[in-house]
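Trainee: quick one: sequence plus predicted model below, questions after.
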Amino acid sequence: MPVITYAGAELPDEKKEELIKKLTETASEVTGTPSQFMTVLIQEYADNSLGMGGETVTEIKARLAEKS
């Protein structure tokens, strides 16, 4: 049973559904594994729990908002 994991920012429910569908379809097509055997896990993190370049995503978004 293949497992695909997405770890990233929080997503709206409709985007989660689209992500699960497309990841399942693509992985099934590429591997030849029937889609009913694919498992997709979504791990979501709040902006203050994600960081890049020493800043949280919350800080990055605030800095970018100041520039616009």
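Mentor: That came in fine, so what should we check first?

Trainee: which helix is the longest one in the protein?
Mentor: As assigned by DSSP state H, the longest helix anywhere in the chain is helix 13-31.

Trainee: for that one, packing partners?
Mentor: Under the contact criterion of 3 or more C-beta pairs under 8 Å, 6 or more residues apart in numbering; DSSP states H and E, helix 13-31 touches strand 3-9, strand 39-45. Yep, even glycine has a C-beta here, placed from its N, CA and C like the rest.

Trainee: in the last one, what's buried?
Mentor: It refers to strand 39-45. 40, 42 (16 or more other C-beta atoms under 10 Å).

Trainee: give me the neighbour count for Leu19.
Mentor: 16 (other C-beta atoms under 10 Å).

Trainee: out of the helices and strands packed on helix 13-31, which comes closest to Gly51?
Mentor: strand 39-45 (9.8 Å; C-beta to C-beta).

Trainee: how far off centre is that closest one?
Mentor: Centre-to-centre, strand 39-45 and its host chain are 7 Å apart (C-alpha atoms, centre = their mean, to the nearest Å).

Trainee: show the average pLDDT along the longest helix of the chain.
Mentor: Taken as a whole, helix 13-31 has a mean pLDDT of 98.

Trainee: going forward can the numbers begin at 12, since that is how I track them
Mentor: Taking 12 as the first residue, the last one we looked at is helix 24-42.

Trainee: okay, buried residues for that helix please.
Mentor: Those would be 30-31, 34-35, 38-39, for helix 24-42 by 16+ other C-beta under 10 Å.

Trainee: residues contacting stretch 46-63, please?
Mentor: 12-22, 27, 30-31, 34-36, 38-39, 67-69, 71-72 (C-beta atoms under 8 Å, 6 or more residues apart in numbering).

Trainee: and the closest residue to Pro45 other than its chain neighbours, how far is that from Ala18?
Mentor: Leaving aside its chain neighbours, Pro45 sits nearest to Ser39 (6.5 Å; criterion: C-beta to C-beta, 6 or more residues apart in numbering). Ser39 is 21 Å from Ala18, where distance means C-beta to C-beta, to the nearest Å.
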